[in-house]
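Asks: make a model of this:
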Amino acid sequence: MNKNIYQDIEDFALYLKMPVLKSSYREAIQEANLKEVSYDQFLWELLQKECDRRQENAKQDRVRRAAFPYKKYLEDIIVDDLPEDAQRKFKTLSSLDFIQTGQNIIMAGKPGTGKTHFAIGLGIKACLAGYKVFFSTIPSLINQLKESRSEKTLRAFGNKFEKYDLVIADELGYISFDKEGSDLLFTHLSLRAERKSTIITTNLSFERWDEIFLDPVLTAAMVDRLTHKAYIVNMNGNSFRLKETTEWAKNN
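Replies: Predicted structure coming up:
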């Protein structure tokens, strides 16, 4: 094969945005000649490599776009260290079937018991499985909603928000918010009700949510919408962080 044809192949691959083909076709040709591979098998193997790379890049892009604060995986969780209710539901939730059925998950418990780790682990697994995921703390989400309203882009934000396969709203209960924030949060979580899945992590029991929303009627409506057919995971148990700190102190 002459140099002009090689150059044309590389130009075609560049134009078609096929970097794996561009970087590996020469080696693939040599290997095919040695093994006397058929034309169709040769083409199949070359395109499979390109598809594999694109799929892997797409997975990592979904993880990046989800905006997790850090990477935590379900495989890193010591299930026996989870609170009992979380242990019982771990396998079921890890299957991601709740996303297919549009069910929510509410993880409620005191700080340090693994709520955020569990939620991020589910989120990353969902990204790798092909789902579009959005992660935010509740305070940050409310700020984004308020900014979108002031910039007159709230409708665009809402359209995008309701289409995510999974939204993870972390840290409900650490700070309260005003009526505007409460209304915006309720409206946008309601857009997803019974169609798309949302994971909420909170350090408050449902009876105390009115301390955050400051409106008993809205609080009741919020709890009703979020918990309908949802998985409620009791995350009250020994603190992961306290255990890690204690073990670290023993070894240092």
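Asks: quick one: name whatever helix or strand follows the longest helix anywhere in the chain.
Replies: Looking across the chain with DSSP state H, the single longest helix is helix 39-66. Per DSSP states H and E, the first helix or strand lying C-terminal to helix 39-66 is helix 84-94.
Asks: for that following helix, the averaged confidence score.
Replies: For helix 84-94, mean pLDDT is 97.
Asks: pick out the residue nearest the middle of the chain.
Replies: residue 123 (2.9 Å; CA atoms, centre = their mean).
Asks: I'd assumed residue 68 was in contact with that one.
Replies: Yes. Using CB atoms under 8 Å, residue 123 makes contact with residue 68 at a distance of 6.4 Å. (C-beta placed from N, C-alpha, C; glycine too.)
Asks: overlap of the contact sets of those two?
Replies: Residues touching both residue 123 and residue 68 (CB atoms under 8 Å, 6 or more residues apart in numbering) are residue 135.
Asks: domain ranges for this protein?
Replies: The record's domain parsing of the chain by automatic domain parsing lists 3-65, 67-247.
Asks: surely residue 204 meets residue 173?
Replies: Yes. The pair residue 204 and residue 173 qualifies as a contact (CB under 8 Å) at a distance of 3.9 Å.
Asks: mutual contacts of those two, please.
Replies: Residues touching both residue 204 and residue 173 by CB under 8 Å, 6+ apart: 211, 212.
Asks: low-confidence regions, the stretch 151-252 of the chain specifically.
Replies: The model of the stretch 151-252 of the chain has pLDDT under 70 over residues 238-252.
Asks: hey, where'd the strands end up in it?
Replies: Per DSSP state E, counting those that start in this stretch, the stretch 151-252 of the chain carries strands over the ranges 166-172, 197-202, 231-234.
Asks: mind putting these in a markdown table, distance to residue 54 included?
Replies: Output for the strands of the stretch 151-252 of the chain, formatted as a markdown table (distance: least, CB to CB, whole Å):
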| stretch | distance to residue 54 |
| --- | --- |
| strand 166-172 | 22 |
| strand 197-202 | 26 |
| strand 231-234 | 33 |
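Asks: tell me which of these sits nearest to residue 60.
Replies: Among these, strand 166-172 comes nearest to residue 60, with 17.1 Å by CB to CB.
Asks: residues making contact with that closest one?
Replies: Strand 166-172 is contacted by residues 99, 115-116, 119-120, 122-123, 126, 131-139, 141, 161, 189, 192, 196-204, 209, 212 when judged by CB under 8 Å, 6+ apart.
Asks: how many neighbours does residue 91 have?
Replies: Other residues within reach of residue 91, judged by other CB atoms under 10 Å, total 9.
Asks: and if you look at the one 4 residues further on?
Replies: As a burial measure, the neighbour count of residue 95 was computed by other CB under 10 Å and equals 11.
Asks: burial of the residue nearest to residue 182 when sequence neighbours are not counted, as a residue count?
Replies: Ranked by CB to CB, 6 or more residues apart in numbering and with sequence neighbours excluded, the top spatial neighbour of residue 182 is residue 213, at 4.7 Å. Number of residues near residue 213 (other CB under 10 Å) recorded here: 23.
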